[in-house]
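[1] all I have is the shape, not the residue letters:
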């Protein structure tokens, strides 16, 4: 099974996906393999083994690094991973049947994105002390870029005159993110220019030379300094970007384009945020009963 997992992850990396997907799927499949007790033949694996693995994840266990029971959203991600893996086994002729076809298309539970209020966002940006902290946080908040996308940006990909950043994906696909100055108080263009000059960066150099964990830690450290009592991550700054634009009246279809969401339903979670805030305000005014 080890060879089959390696082949699956190899072809997954060739697709137009983020680096996070192969990493996450590799983790899930490695855990599945260990749960099976070693290198089992994929041809003899079926629904029974998968059901036992899902049951194992659904309860607390001291045997795993993640000792608590997995949340429903994580279980759905595991099922999607296994479904994709077994479908690849079928497509590549290694087995004749996918024991869980369509599992990756299970509906996800309603999501309530965690984001910063305007006041929290301003506090976070003000708490940034170093030039690198200011650059990273202002870029994430003003563009909505994903963490992996920001870490792949080279100096030559930044168009300061056009206020755009080009992100090159695998297989040559391109995305353009727009820097929206109204979302931050810093002049992002001047910030980027100063950073490039101070670091003496060349056009082919990476703009931000941090690891994924280093970037995560930068966000966490600054949030702690700003006394923000939310578990903050780079992706939650993407949510903050989206919610800030929805509050300013940006249509869902335009927000979808800015975030490069393939599916409108992914962007629609920010419509739910609007409705929740409206209901909270109506409740505060005494026009709705408290739940």
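    Sure, I can see it. Not measured: the values here are computed from a predicted model.

[2] according to the record, where do the domains of this structure fall?
    Using automatic domain parsing, the domain parsing of the chain gives 2-105, 118-284.

[3] quick one: closest of the ones you listed to residue 290.
    Across the domains of the chain, residue 290 has its closest neighbour in domain 118-284 (5.7 Å, C-beta to C-beta). Where C-beta positions appear, they are placed from N, C-alpha and C, glycine not excepted.

[4] which stretch of helix or strand covers the residue most central in space within the chain?
    The centroid of the chain falls nearest to residue 235 when counting by C-alpha atoms, centre = their mean (5.2 Å). Assigned by DSSP states H and E, residue 235 falls within helix 234-247.

[5] hmm, who's touching that helix?
    Residues from elsewhere that reach helix 234-247 (C-beta atoms under 8 Å, 6 or more residues apart in numbering): 113-116, 118, 121, 137, 140-147, 150, 180, 183, 215-216, 219, 230, 252, 255, 258-259, 267, 270-271, 273-274.

[6] just checking, residue 100 touches residue 46?
    No - in terms of C-beta atoms under 8 Å, residue 100 does not count as a neighbour of residue 46; the distance is 9.3 Å.

[7] compare neighbour counts for the two and give me the winner.
    Neighbour totals were compared for residue 100 and residue 46, and residue 100 leads with 19 against 13 (other C-beta atoms under 10 Å).

[8] which stretches of the chain form helices?
    Counting by DSSP state H, one finds helices in the chain at the ranges 2-14, 20-36, 47-57, 72-91, 118-127, 131-143, 147-151, 188-199, 212-225, 234-247, 252-259, 264-267, 269-284.

[9] tell me, which of those helices is the model least confident about?
    Comparing mean pLDDT across the helices of the chain, the lowest value falls on helix 269-284: a mean of 74.

[10] buried ones in it?
    For helix 269-284, burial by neighbour count (16 or more other C-beta atoms under 10 Å) applies to 269-270, 273.

[11] let me have those residues in JSON lines, extended by distance to residue 204.
    Putting those into JSON lines (distance: C-beta to C-beta, whole Å) gives the following:
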{"residue": "269", "distance to residue 204": "37"}
{"residue": "270", "distance to residue 204": "36"}
{"residue": "273", "distance to residue 204": "39"}
